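Engineer: Below is the sequence, then the predicted model.
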Amino acid sequence: MPEILKFANYEVAVIRSKRRKSAAIKVDLDGVSVRVPENLPLSDIRSLVAEKSHWVETKLKTAAQKRQAVEAAAKQSAQLGQGSPVLYQGRQLRLKLKEAEQTRIYQQAEELIVEAPGAMAGEPDQLRAIVEQWLYARAVEELHLCVTVYKQRVGASPSRIEVKSYKARWGSCKPDQSIQLNWRLIHAPMHIMDYVVVHELCHLLEMNHSPRFWSEVERVDAQYRMKRRWLQDNGWQLNF
Ligand SMILES: [Zn+2]
């Protein structure tokens, strides 16, 4: 049983460890915990957490918002249908289903129109597959275009571009000079896609995250810090 410290708006689980030299507070979907050196008195731990109270409460609020959004997204994706939002290059398109003999999908202004035989309208899985295929195809096109634009400015050209499905990364770069890009970047605003492409192209010059690597990124994209932060904060929402 971990010791629990009670504060006005939250509780903190105290985790003691022989190896720890300093304290570290963590806030995630499971709640707040603090890892401390084995013999640190509880009163010290309390004042330590109290000092960080504002940070903890902000983090808790963000975690709660994330949980709500993830739940809402799961609910919504289960019911993909007429009027559902589809995030496309940072914009919310509305799904519009139309009766037709042949299946077809295309964008028209702020609508994503799916024409299909009537039965399909009641098949969310099939509809999802059609929308996902369209998004993937758009991602392949946009990402290739983006590489074409930025390879000149970076001064490095990949041996191959792969557009793949990743859960926890936006891109990668292999020693054979190929780059891999997550197709879900099609959900992100274009300048965010640009940043990920520039980032991976710069890895062709510097295969690490050294200061030299970041100065290459900055040379091509002076705004990269803001975009990187945006992706850290909003990346989890890039879904449909
Ligand atoms: Zn990297």
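Structural biologist: Yes, it's here. Numbers count the residues shown, from 1 in each chain.
Engineer: what pairs with the biggest strand by length in the chain, and is each one parallel or antiparallel?
Structural biologist: If each strand of the chain is counted by residues according to DSSP state E, the longest one is strand 91-99. Strand 91-99 has these partner strands in its sheet, going by DSSP bridges: strand 85-88 (antiparallel), strand 111-116 (parallel).
Engineer: Which SSE is immediately downstream of the longest one?
Structural biologist: Past strand 111-116, further along toward the C-terminus, the next helix or strand under DSSP states H and E is helix 124-154.
Engineer: Let's verify S47: helix, strand, or coil?
Structural biologist: Each residue gets one of three states, and S47 gets helix by DSSP: H, G, I helix; E, B strand; the rest coil.
Engineer: Run a quick neighbour tally on it.
Structural biologist: 9 (other Cβ atoms under 10 Å). Where C-beta positions appear, they are placed from N, C-alpha and C, glycine not excepted.
Engineer: do the same with the one 3 residues further on
Structural biologist: By the criterion of other Cβ under 10 Å, A50 has 12 neighbours.
Engineer: wait, doesn't it sit right on F7?
Structural biologist: Yes: contact criterion Cβ atoms under 8 Å: A50 and F7 qualify, at 7.4 Å.
Engineer: related to what we said a few turns ago, Serialize the strands paired with strand 91-99 to CSV and add fields for distance to L29, mean pLDDT and mean neighbour count.
Structural biologist: CSV is the format used below for the strands paired with strand 91-99 (distance: least, Cβ to Cβ, whole Å; pLDDT from 0 to 100; neighbours: other Cβ atoms under 10 Å):
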stretch, distance to L29, mean pLDDT, mean neighbour count
strand 85-88, 22, 94, 18
strand 111-116, 31, 93, 19
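Engineer: Which one of these lies nearest to M193?
Structural biologist: With distances scored as Cβ to Cβ, the stretch of the strands paired with strand 91-99 nearest to M193 is strand 85-88 (11.7 Å).
Engineer: isn't E38 right up against K21?
Structural biologist: No: between E38 and K21 no contact is recorded; they are 10.6 Å apart, counting by Cβ under 8 Å.
Engineer: For the lowest-mean-pLDDT helix or strand in the chain, buried residues please.
Structural biologist: Among the secondary structure pieces of the chain, namely its helices and strands, helix 53-78 has the lowest mean (mean pLDDT, DSSP states H and E), a mean of 81. Neighbour counts using 16 or more other Cβ atoms under 10 Å place V56, E57, K59, L60, A63 of helix 53-78 among the buried residues.
Engineer: contacting residues around the third one?
Structural biologist: With contact set as Cβ atoms under 8 Å, 6 or more residues apart in numbering, K59 has these partners: V27.
Engineer: I'd like the distance between it and V32.
Structural biologist: 8 Å (Cβ to Cβ, to the nearest Å).
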